[in-house]
Each structure stands twice: as structure tokens, then as C-alpha cells.
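J.: Sharing a sequence plus its predicted fold:
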Amino acid sequence: MRRALLVVTLVLGAALAGGGAWLAWRLHERPSLEAMRARLLPAAAPRTGEPRVRFLGVSTVLVEDGRTALLVDGFFSRPGLLQVLLGKLSPDPDAIAHGLALGEIERLDAVLVAHSHYDHALDSAEVARRTGAVVVGSASTANVARGSGFPEERIRVVEGPSELAFGDFRVTLLPSRHVPHGMAMGEIAEPLVPPARALDYREGGSFSILVEHPRGSLLIQASAGWIDGALAGRHADVVLLGVGALGAMDEAYRETYWREVVDAVGAARVVPIHWDDFTEPLVEPLAPVPDLVDDLGATLSYLEGKSRATGVELAWLPLAAPVDPFGSLVARRARRVAPIAP
Ligand SMILES: [Zn+2]
């Protein structure tokens, strides 16, 4: 009897260890980003009056012009996989300090939150508190901020399409849709006090964020979803295109996503965002999402093909370095309209 128990224990133990080893091995399989590194946009020193963007992982993107600074999401804590699956989450003060230092961010006018999942909204209030910003987002995002004790007078709740002015930037939040993975959907109906489970950070509605500046316009599409026709009549020179979970979608879905977002705004350049493994820390080089979680390789091949077929430039952002998102686009446009010599 005791011997049978020992055998069962050994077999179960071996199975668990084997399963763990298999999982660990599969989580190490990630796509190569070599082809994308060739598409890196060059760093450009900040200059007053000229927009710069800095990519800080997932869809955390700084847009600033030396006078005004806007940050999308402001997610820096990036808790590890076990913490996300089994534990509770809180903003991590050290990770936030590291993220802000990496982006050379001291003062912000606004933190613009694309939706309330934890990989977007977890740190938004703490980042806004440290930088003097207002938090802009859905009613659910407002409840994430309230749960952190963030002052009510610095919360801007957005429902329908809404236009806000910050210095020379005009920001329009347009209701959009999340990529359909079905996790943590619905609203956050009450202030969400951390620590809270990952799934308590419900989506609360998604936004496309259009940032217009006299020097160019930028659409930040944090999640790979859309509402039919929602971007019709809008223009953006550059789209920062959320590709998270897009590798799990079929060709027809990707085609419609491209049409409803990239074609709809007439963009000349597309830059993928939300491609990194956000259970890993914010260090160079950022790890791409494991193949087991999402087929990023398939997404990038699709985008390469689309770029070749349409002439829309596919570009890549370095981690944290300031980049002129519109650099070289003006020249391209000028070339396209140059008259043919008689
Ligand atoms: Zn999400």
C-alpha cells in the first residue's frame, strides 16, 4: 500500500515536473525581431515645438513637443506571470520610477488611458500623481484612479467622441473596440482599490486616441479592434497600431482591422505597438510575446505584406529613445505630388 502511494507520488511528481519544463521551454520560444530592427526609426533630439514620441512598452507612449507632454496609459509595473495568474496587483513604485526615468519624464499634462485592463490602467493614477497630470479615460478608468486615492478634480471621464486641447496638441478620444479575447470585459463599477486581481481590471470600453499637432497627426490604436466606420473622415499621418492577440485572428479579421484603422485615416506610416511580453521588465531589448501566447511572427509577416502591397511604410520604434514620428514623411508626400516633367 505504502509502495503504491510512493509510485503514484513519483509518477505525479514526474508529470508535474515534465509539464513545468515543457511550459518553461515553450515560453522561451519567441519570434525574431531582426527584420523589424532594420525598420527602426532614428532617434531625434528633442526640440521645442517639434513632436517627439518615446515607446515605453505595451501601448505606453509619450508624445511631447518640449512644451506639452502627454502619456498614453503609463504602465510600468509589468508584474511577473505568476503574480498575474495567482496573485494580486498593485502599482510598483520602483518600476514606475524606473519607467519615468527611462522616458526622461518629469512633468506631464495628461495620462490618456486607452482602456482599463491592468496592462494599460494599473499605474495611470500613480504616474499622474508623480507628474502633475490629469487622468483621461472611461468611467472604469476613473474608478481605477479613485481606488488609488487620486484627486477627483484631476479625473476627466470621457464617454462619446471627445476633443481636448493640451498646448498645441488636440486630442480626440474615439470609442473603439477591444481585440476579442473575451477576458476581463465589462465595467469597473466602483473604485478599485489595489491590490486587486488582474481580472478585476475590466476593460470598460476602448478608445482610439487621435493626437493632432501643427507638425503632423498620430493615431494610437492600443487594442486590435475597431467599430465599423468610427474613424471615417479622420486623418492621421502615422498609426501606432496595437497588435496584441492579432496573431490569433484569421486573415479576414486582420484585413478588416487594417481597412478600418490604417486605410480609414489614410496613414503613410504604421508602427506596431503592444507586441512585447509585459510580464517581463522594461529593459532593452524588450522581449517579444512568446509564441505560446500569440503568433507575433504571423502578425509581422502580414504587416510586411500589407506594407509592400499598399506602399504604407512599416516602421519600428526603439525603446525609450525620442523619435520624430513624422520624420521623412513630409519629403515622401512632397515627392508623391511633384509634377512630372513635361
Ligand atoms: Zn486589453
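T.: Nice, thanks for sending it over. Residues are numbered from 1 along each chain as shown.
J.: three-state assignment of the residue nearest the centre of the chain?
T.: Relative to the mean C-alpha position of the chain, the nearest C-alpha, by Cα atoms, centre = their mean, is the one of residue 59, at 1.6 Å. With DSSP: H, G, I helix; E, B strand; the rest coil as the basis, residue 59 sits in coil.
J.: Next: residue 219.
T.: Assignment for residue 219 (three-state DSSP): strand.
J.: Check the gap between it and residue 114 for me.
T.: 12 Å (Cβ to Cβ, to the nearest Å). (C-beta placed from N, C-alpha, C; glycine too.)
J.: Tell me where the protein has strands.
T.: All strands of the chain, identified by DSSP state E, fall at 52-55, 61-64, 69-72, 110-112, 134-137, 155-157, 162-166, 169-176, 206-213, 216-221, 238-242, 269-273, 313-314.
J.: Check the offset of the last one from the chain's centre.
T.: Shown here is strand 313-314, whose average C-alpha point lies 18 Å from the average C-alpha point of the whole chain (Cα atoms, centre = their mean, to the nearest Å).
J.: which strands and helices sit next to that strand?
T.: For strand 313-314, the packing partners by 3 or more Cβ pairs under 8 Å, 6 or more residues apart in numbering; DSSP states H and E come out as strand 269-273, helix 296-310.
J.: What is the neighbour count of residue 132?
T.: 11 (other Cβ atoms under 10 Å).
J.: when you give positions from now on, start the count at 124
T.: In the new count, where the first residue is 124, that last one comes out as residue 255.
J.: For residue 144, find the nearest of the strands of the chain.
T.: strand 392-396 (31.5 Å; Cβ to Cβ).
J.: Let me see the contact set for residue 340.
T.: 333-334, 358-361 (Cβ atoms under 8 Å, 6 or more residues apart in numbering).
J.: roughly how far apart are it and residue 403?
T.: 32 Å.
J.: cool, residue 229 as well?
T.: 26 Å.
J.: Please apply the same query to residue 381.
T.: Taking Cβ to Cβ, one finds residue 381 at 28 Å from residue 403.
J.: If you count surrounding residues, which of those two has more?
T.: The neighbour comparison of residue 381 against residue 403 (other Cβ under 10 Å) goes to residue 381, with 20 against 16.
J.: Quickly note the distance from that one to residue 130.
T.: 56 Å.
J.: Can you report how many residues lie near the closest residue in space to residue 400 that isn't next to it in sequence?
T.: Among residues not flanking residue 400 along the chain, residue 410 sits closest, at 4.5 Å (Cβ to Cβ, 6 or more residues apart in numbering). Residue 410: 15 surrounding residues under other Cβ under 10 Å.
J.: Just to check, residue 410 is in contact with residue 401?
T.: No. Under the criterion of Cβ atoms under 8 Å, residue 410 makes no contact with residue 401, lying 9.4 Å away.
J.: what about the residue lying closest to residue 371 once chain neighbours are set aside, how many residues close to it?
T.: Distances taken as Cβ to Cβ, 6+ apart put residue 417 closest to residue 371, at 6.1 Å, once the chain neighbours are dropped. By the criterion of other Cβ under 10 Å, residue 417 has 24 neighbours.
J.: now the one 5 residues further on
T.: Neighbourhood size, residue 422 [other Cβ under 10 Å]: 24.
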